[in-house]
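Participant: Pasting the sequence and the predicted model now:
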Amino acid sequence: MPLLPAPPLPDWITRQLPPLDRYAVDVGGQRMHVMEAGVGQPVLLAHGNPTWGFLYRKVIRALDLTRFRVIVPDLVGLGLSSKPSDARSHSLEAHIAWMGRLLDALALRDLIVAGQDWGGPIAFGAAARRRDRVRGLVVMNTVISPPKVGARPTAFHRFARLPLVSDVAFRLLGFPQLSMNLAQGDRRSIPPAAAAAYWWPLRDPRDNLATLALARIVPDGSDHPSNPALARVHAFVKGFRGPAAIVWGDRDPVLGSVRGWVERNLPDAPVTRTRAGHFLQEEVPEDIARAIADVADRG
């Protein structure tokens, strides 16, 4: 499948990125923007809500790019990828399918899959359907299963379900992009220039549907439509027999408490616990890079 031109980026964002190539891929009626650097074993770095591939710039710099081909897509609806005009386009199943088409288009094999936030279940869900092409996993502040019976949604996700108020906050006021530092271990880890880079792709309210839509597809009960896909992700991760690693930000107010459950499902995976917050790529990129290299060494 031919690669498509990438949308333009302003110079002030490009200057914050390491040297890399950018392109787009048609994934079935939507275009995914991809950043790529290095040669060697492919590593997929999957972000979540409300970020884009910019989140992994420090991890790219910390990796040995003579050893790894680093592939960083933007989820559909975020970053420089297509922005569907209907919020109903965003389902976990749809995002898994889009990510899977990207993996197929790039013919990736011997792949290390790393995911954080929604990037975890989306990338692991795509990997589950391509098990023979996956060599290792790196799990970072994410969920890998449906919620337990009786689990209560976080304050963030309860807020996302408030009619009208959440629409105004998410679509018009730049939430949560402009408040990401509040989820960090060190609030200084996202300086103003980086915060502006996270806000920039969704600066037009007409494009800013995905942040709220992705928050609302987090399950809030046993009958939520995301649960079947999360159950398949859980089966894949729990049954994975290749090398895996866990890197966790313990000061994450959103998913910090999930670490124990992830550990129990990957009992042989080494765990790197840090004082980082939710967007740990900004705070501990070297730890993430070391985990990726360790998974490759054990593969």
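Facilitator: Structure's in. What do you need?
Participant: List every C-alpha atom in stretch 45-57, with coordinates, as PDB.
Facilitator: What follows is stretch 45-57, C-alpha atoms only, in PDB (Å, rounded to 0.1, in the frame of the first residue of the first chain):
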ATOM      1  CA  LEU A  45       4.500   3.100  20.300                       C
ATOM      2  CA  ALA A  46       0.800   3.600  20.800                       C
ATOM      3  CA  HIS A  47      -0.500   6.700  22.700                       C
ATOM      4  CA  GLY A  48      -4.000   7.300  24.100                       C
ATOM      5  CA  ASN A  49      -6.300  10.200  24.900                       C
ATOM      6  CA  PRO A  50      -5.900  13.200  24.400                       C
ATOM      7  CA  THR A  51      -2.400  13.000  23.000                       C
ATOM      8  CA  TRP A  52      -0.700  12.200  19.700                       C
ATOM      9  CA  GLY A  53       2.700  10.800  18.700                       C
ATOM     10  CA  PHE A  54       4.400  13.900  20.000                       C
ATOM     11  CA  LEU A  55       4.100  12.200  23.400                       C
ATOM     12  CA  TYR A  56       6.900   9.700  22.400                       C
ATOM     13  CA  ARG A  57       9.500  12.200  21.200                       C
END
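Participant: How far away from the center of its chain is that stretch?
Facilitator: 5 Å (C-alpha atoms, centre = their mean, to the nearest Å).
Participant: Does residue 273 belong to a helix, a strand or coil?
Facilitator: Following DSSP: H, G, I helix; E, B strand; the rest coil, we place residue 273 in the strand state.
Participant: Wait, it touches residue 252, no?
Facilitator: No - at 11.3 Å, residue 273 and residue 252 do not qualify as touching, with contact defined as C-beta atoms under 8 Å. C-beta: built from backbone N, CA, C; applies to glycine.
Participant: more crowded one of those two?
Facilitator: residue 252 (24 against 13; other C-beta atoms under 10 Å).
Participant: In a helix, the more buried one, correct?
Facilitator: No - with three-state DSSP as the criterion, residue 252 is coil rather than part of a helix.
Participant: so what's it up against?
Facilitator: 141, 183, 185, 276, 277, 278, 280 (C-beta atoms under 8 Å, 6 or more residues apart in numbering).
Participant: now for those, which pair is the farthest apart?
Facilitator: Farthest apart among the contacts of residue 252 by C-beta to C-beta are 141 and 185. That separation is 11.2 Å.
Participant: higher neighbour count, these two?
Facilitator: Shown here are residue 141 and residue 185; by other C-beta under 10 Å, residue 141 has more neighbours (30 against 21).
Participant: Quickly note the distance from that one to residue 127.
Facilitator: From residue 141 across to residue 127, the span is 18 Å (C-beta to C-beta, to the nearest Å).
Participant: again with residue 83
Facilitator: Residue 83 is 25 Å from residue 127, by C-beta to C-beta.
Participant: out of these two, which sits in the busier spot?
Facilitator: residue 127 (26 against 20).
Participant: Next one: the more buried one, what pLDDT does it get?
Facilitator: Listed pLDDT for residue 127 reads 99.
Participant: Other residues contacting the helix or strand where it lies?
Facilitator: According to DSSP states H and E, residue 127 maps onto helix 119-128. Helix 119-128 is touched from outside by 44-48, 75, 92, 95-97, 99-100, 102-103, 111, 113-115, 133-134, 137, 139-140, 142-144, 229-230, 232-233, 235-237, with contacts defined as C-beta under 8 Å, 6+ apart.
Participant: Separate out the buried members of the residues you listed.
Facilitator: 44-48, 75, 92, 95-97, 99-100, 102-103, 111, 113-115, 133-134, 137, 139-140, 142-144, 229-230, 232-233, 236-237 (16 or more other C-beta atoms under 10 Å).
Participant: Just these: which are in helices?
Facilitator: Those of those mapping onto helices are 92, 95-97, 99-100, 102-103, 229-230, 232-233, 236-237, per DSSP state H.
Participant: Show me the strands in this structure, by range?
Facilitator: Along the chain, counting by DSSP state E, strands occupy 21-26, 31-37, 41-46, 68-73, 111-116, 134-140, 244-249, 271-274.
Participant: hang on, the earlier thing: now for residue 141 and residue 185: what residues contact both?
Facilitator: In contact with both residue 141 and residue 185: 249, 252, using C-beta under 8 Å, 6+ apart.
Participant: which ones are touching the nearest residue to residue 79 once chain neighbours are set aside?
Facilitator: Take residue 79 and drop its neighbours on the chain: the residue closest to it by C-beta to C-beta, 6 or more residues apart in numbering is residue 52, 2.6 Å away. By C-beta under 8 Å, 6+ apart, residue 52 lies in contact with 33, 74, 75, 78, 79, 80, 81, 198, 201.
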